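Colleague: sequence plus the predicted model coming up.
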Amino acid sequence: QIEALKAKVQALQLQLQAQFAGSPPASHSCSVPDPAADGGSLSAATPQVSALQSEVSELRQQVLGKERLATVFTEKIAEFRKAVKLITGFRVDLHDAQHEFHLYPIYAPNRGDALVFRPNAHDEMELLASPLAARLPAEIEQYLQRCHSIPAFLSAVNLRLFSESRAATM
C-alpha cells in the first residue's frame, strides 16, 4: 500500500511537470516546477496545479504516516517476541505458508532444535514430528496425551532441557 501511494505521488509529480512543460516529462524527477518561474503564462492552469500540488502533499503525508506506523509496528513485534522468549523460554516463529508455529527452546542443546505445532481442524494445536519431539516421548505421553495440556508439556520440556544443560556444565 505504501508503494502504491509512492507511485501515485510520483505520477502526480510527473503530471505537474507535464503541465508546466507542455509535453510528457522525460525523466522521473521528484521535483515540481515553480509556477512563478514561468512568468505567469500558466495562470489559467493554476487552480489545477494547486489542486495537484495539494494532492501530492497529502499523499506524501500519508506515505510518511504509513512508513512510521510500519516502523513502530516492526519495533513492537520485536519487543513482543523478545519478551515471549524471556518469559516462556521459547523463541516462537510463525511459518505462515504451513500455518506452523516453531518453538525453539533456549535451553536446547542444538540451536536448531524446535517443537512444531499446527492448528488442526478443531482449532486445537497439535505437535508435529521433529527431532526434538522424538527425544521427548515421556513428556508427550504424560502431558499431551494424558493431560491434554500444552502449557504443562512446554514447562516439562523447559525443566528437562534446563536440568540437562546445567548437568552438562557441572
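Modeller: Done, it's in.

Colleague: going forward, measure contacts between C-alpha atoms and count neighbours the same way
Modeller: Noted.

Colleague: all strands for the chain, in order.
Modeller: 90-95, 100-105, 115-119, 125-128 (DSSP state E).

Colleague: elements contacting the third one?
Modeller: For strand 115-119, the elements it packs on are strand 100-105, strand 125-128, judged by 3 or more C-alpha pairs under 8 Å, 6 or more residues apart in numbering; DSSP states H and E.

Colleague: deepest of the strands of the chain, which one?
Modeller: strand 100-105 (a mean of 20; mean count of other C-alpha atoms under 10 Å).

Colleague: now do the spatially most central residue of the chain against Gln53, distance only.
Modeller: The residue lying closest to the centre of the chain (C-alpha atoms, centre = their mean) is Thr74, at 5.9 Å. Going from Thr74 to Gln53 by C-alpha to C-alpha, to the nearest Å gives 31 Å.

Colleague: same question for Ala168.
Modeller: With C-alpha to C-alpha as the criterion, Ala168 and Gln53 are 68 Å apart.

Colleague: have a look at the two and say which one is more surrounded.
Modeller: Gln53 (17 against 9; other C-alpha atoms under 10 Å).

Colleague: the more buried one: what's it in contact with?
Modeller: Contact analysis of Gln53 by C-alpha atoms under 8 Å, 6 or more residues apart in numbering lists 13, 16.
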